[in-house]
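Q: the sequence and its predicted three-dimensional model are supplied below.
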Amino acid sequence: MRVLLSTYGSRGDVEPLVGLAVRLREAGAEVRVCAPPDEDFARRLGDVGVPVVGVSESARVWTKAAPPAEALPRRAAEVIAGQFEAVASAAEGCDVLVATGMMPAAAGALSVAELLGIPSVSVTFQQLTLPAPHRRPLAYPGRPFPPDVTDNRVLWDLDASNIDALFGEALNTNRVAAGLPRVDGVRDYVVGVRPWLATDPVLDPWQETPGLDVVQTGAWVLPDERPLPAELVAFLDAGEPPVHVGFGSMPMHASTDVAQVAVEAVRAQGRRIVLGRGWADLSLIGGGDDHIAVGEVNHQALFRRVAAVVHHGGAGTTTTATQVGVPQVVVPQLADQPYWAGRVADLGIGSAHDGPTPTVGSLSSALATALAPETRARAAAVAATIRTDGAALAARLLLDAAEGGAGAGSS
């Protein structure tokens with residue numbers, strides 16, 4: 001059995017595929033991954049022995065460049081063309097394809113599966129792109145919804161129109177050139193009728209919605225056995241548990257200010273600091289023995305040794321922190337991150353910062369909530385309810401569907 005996993009996006013779009021790839025290989029499947037050609041992605045997949053096919057340009061370079069909203073259709077066209085080129089080659093001889101990542105990338109990958117006659121499944125790592133009338137859709141950059149429209153069904157219709165305007169021409173140009181029929185609705189083509197939701201049902205409960213047969217597998221998290229760097233271990237051993245601050249793949253263009261604000265806010269709570277550099281290359285100003293800056297490390301191991309985690313609210317970071325039972329402060333920047341901040345607050349396992357730009361006062365106040373004994377107790381209690389077999393379940397479902405000859409998901 002040969003399986004192709006395709007994505008385009010940030011670390012949060014790639015890391016879950018590491019977990020699924022390992023579980024698929026344990027079940028006897030041959031796995032390859034199509035992902036952005038970033039060195040850290042290739043290294044992470046290489047650590048578990050999974051070959052990677054680079055698609056399009058570096059996701060990190062694109063994210064840090066922060067292109068204007070009007071550049072999104074052009075970028076989407078490049079990503080879709082890259083999918084037709086790289087995924088078409090990588091998918092030859094495969095028995096099933098998993099498509100995830102940003103919507104135009106998933107649309108391109110699913111089109112390739114359709115072209116080759118390969119069963120496919122469409123997966124999302126957050127439910128906010130699945131059209132459900134009980135909540136609003138996310139607005140795309142440069143395309144805000146009319147403020148006077150409050151009917152969610154109307155908003156979802158506008159969402160479909162916006163997606164077609166942004167991605168439809170590029171997708172259909174490539175489909176027609178490949179001999180495929182045009183797609184009338186890009187979003188509904190990607191979502192299909194049986195999408196997979198790779199999130200935890202406690203952290204991200206799905207509400208049954210007519211017309212969607214959602215398969216919620218649990219999050220795809222692989223136990224990380226990588227040791228922490230010796231310098232970091234020495235720092236952790238030298239005092240009380242610190243607070244970890246990191247914003248993952250977010251560019252955080254005022255990075256120096258954000259780092260300094262975070263350091264001062266953590267110090268105001270009498271705690272030491274572990275600062276994750278991330279894609280913003282956060283750095284510390286001045287000396288002192290109460291802080292350390294780190295690059296890519298094992299978050300599962302690190303989070304178990306800190307008093308709280310301050311982060312941007314990416315699905316992966318939120319899930320990891322919840323799974324290990326550490327209190328959180330979520331400072332959401334964009335997209336689905338306010339949703340995850342709200343879930344953390346609703347569950348009582350941390351606090352949601354109001355807005356993307358913290359001050360020393362606002363972040364210190366949020367930290368005080370997260371560092372309270374009752375928050376830690378609640379975080380530990382919720383951690384015990386988070387399932388850990390999501391990747392294994394997804395692997396079994398995927399292989400069963402492929403072996404049965406039925407479409408694994410949307411195609």
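A: That came through, no problem. Numbering: from 1, shown residues only.

Q: residue 202 looks like it's in a helix, true?
A: No. Checked against DSSP: H, G, I helix; E, B strand; the rest coil, residue 202 lies outside a helix; its state is coil.

Q: confidence score at the closest residue to it other than its chain neighbours?
A: Using Cβ to Cβ, 6 or more residues apart in numbering and skipping residues adjacent in sequence, the residue nearest residue 202 is residue 385, 5.0 Å away. All C-beta atoms are positioned from the backbone trio N, CA, C, and that covers glycine. On pLDDT, residue 385 comes in at 97.

Q: same question for the one 10 residues further on.
A: The score at residue 395 is 97. That number is its pLDDT.

Q: and the gap between the nearest residue to it once chain neighbours are set aside and residue 337?
A: Using Cβ to Cβ, 6+ apart and skipping the chain neighbours, the partner closest in space to residue 395 is residue 23 (3.9 Å). According to Cβ to Cβ, to the nearest Å, residue 23 and residue 337 sit 27 Å apart.

Q: equivalent analysis for residue 308, please.
A: 18 Å.

Q: what about those two, which has more around it?
A: More crowded of residue 308 and residue 337, by other Cβ atoms under 10 Å: residue 308, with 30 against 24.

Q: need the per-residue pLDDT for that one.
A: So residue 308 comes in at 98 (pLDDT).

Q: and it, what does it touch?
A: With contact taken as Cβ atoms under 8 Å, 6 or more residues apart in numbering, residue 308 is in contact with 243, 244, 271, 326, 327, 328, 329, 350, 367, 370, 371.

Q: how does it look with 6 Å?
A: Residue 308 makes contact with 243, 327, 370, 371, according to Cβ atoms under 6 Å, 6 or more residues apart in numbering.

Q: within the helices and strands, which one has the residue nearest to residue 395?
A: helix 11-26 (DSSP states H and E).

Q: helices or strands up against that helix?
A: strand 30-35, helix 315-324, helix 390-403 (3 or more Cβ pairs under 6 Å, 6 or more residues apart in numbering; DSSP states H and E).

Q: most tightly surrounded among the ones you listed?
A: Between the helices and strands packed on helix 11-26, helix 315-324 has the highest mean count of neighbours, a mean of 25, where neighbours are mean count of other Cβ atoms under 10 Å.

Q: relative to helix 390-403, how tilted is that helix?
A: Interaxial angle, helix 315-324 versus helix 390-403 (axes from the mean of the first three to the mean of the last three Cα atoms, to 10 degrees): 120 degrees.

Q: ok, and what's touching helix 315-324?
A: The contact list for helix 315-324, computed with Cβ under 6 Å, 6+ apart, reads 12, 15, 125-126, 203, 219, 248, 299, 303-304, 309, 311, 328, 340, 386.

Q: who touches stretch 238-254?
A: By Cβ under 6 Å, 6+ apart, stretch 238-254 touches 10-11, 63-64, 66, 258, 262, 266, 271-276, 278-280, 306-312, 314, 317, 333.

Q: how far off centre is that stretch?
A: Mean-position distance between stretch 238-254 and its chain equals 18 Å (Cα atoms, centre = their mean, to the nearest Å).

Q: nearest to residue 376, of the helices and strands packed on helix 11-26?
A: Among the helices and strands packed on helix 11-26, the nearest to residue 376 by Cβ to Cβ is helix 315-324 (11.9 Å).

Q: quick one: that closest one to chain centroid distance?
A: Going by Cα atoms, centre = their mean, where helix 315-324 is centred and where its chain is centred differ by 11 Å.

Q: please save the CA atoms from it in CSV.
A: C-alpha atoms of helix 315-324 as CSV (Å, rounded to 0.1, in the frame of the first residue of the first chain):
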residue,chain,number,x,y,z
ALA,A,315,-3.8,24.3,16.5
GLY,A,316,-0.7,22.2,17.1
THR,A,317,0.7,24.3,20.0
THR,A,318,-2.7,24.5,21.6
THR,A,319,-3.2,20.7,21.4
THR,A,320,0.3,19.9,22.7
ALA,A,321,-0.1,22.2,25.7
THR,A,322,-3.5,20.8,26.4
GLN,A,323,-2.3,17.2,26.1
VAL,A,324,0.5,17.7,28.6
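
Q: what angle do helix 11-26 and it make with each other?
A: 60 degrees.

Q: the following helix or strand past helix 315-324 pairs with which strands, and in what direction?
A: Following the chain from helix 315-324 toward its C-terminal end, the next helix or strand by DSSP H and E is strand 328-330. Note on strand 328-330: by DSSP bridges, its sheet partners are strand 308-311 (parallel), strand 350-352 (parallel).

Q: one step back: which of the contacts of residue 308 lies closest to residue 288?
A: Of all the contacts of residue 308, residue 288 sits closest to residue 243, with 14.6 Å by Cβ to Cβ.

Q: count of neighbours near the closest one?
A: When neighbours are counted by other Cβ under 10 Å, residue 243 registers 27.

Q: could you check the pLDDT of it?
A: Value for residue 243, per-residue pLDDT: 97.

Q: which residues does it bridge with?
A: residue 273, residue 308.

Q: with respect to residue 27, which of the contacts of helix 315-324 is nearest?
A: residue 219 (18.6 Å).

Q: helix/strand/coil for that closest one?
A: coil.

Q: contacts only, for it.
A: The contact partners of residue 219, by Cβ under 6 Å, 6+ apart, come to 198, 199, 200, 319, 390.

Q: so can I have CSV of these showing pLDDT and distance to residue 187?
A: Below are the contacts of residue 219 laid out as CSV (pLDDT from 0 to 100; distance: Cβ to Cβ, whole Å):
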residue, pLDDT, distance to residue 187
198, 98, 19
199, 97, 19
200, 97, 24
319, 96, 25
390, 97, 25
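
Q: just give me the closest of those to residue 224.
A: Closest to residue 224, out of all of the contacts of residue 219 and judged by Cβ to Cβ, is residue 319, at 12.8 Å.

Q: once you drop chain neighbours, what's closest to residue 299?
A: Nearest one to residue 299, counting by Cβ to Cβ, 6+ apart, is residue 320 at 5.1 Å.

Q: from residue 298, how far off is the one you found?
A: For residue 320 relative to residue 298 (Cβ to Cβ), the value is 10 Å.
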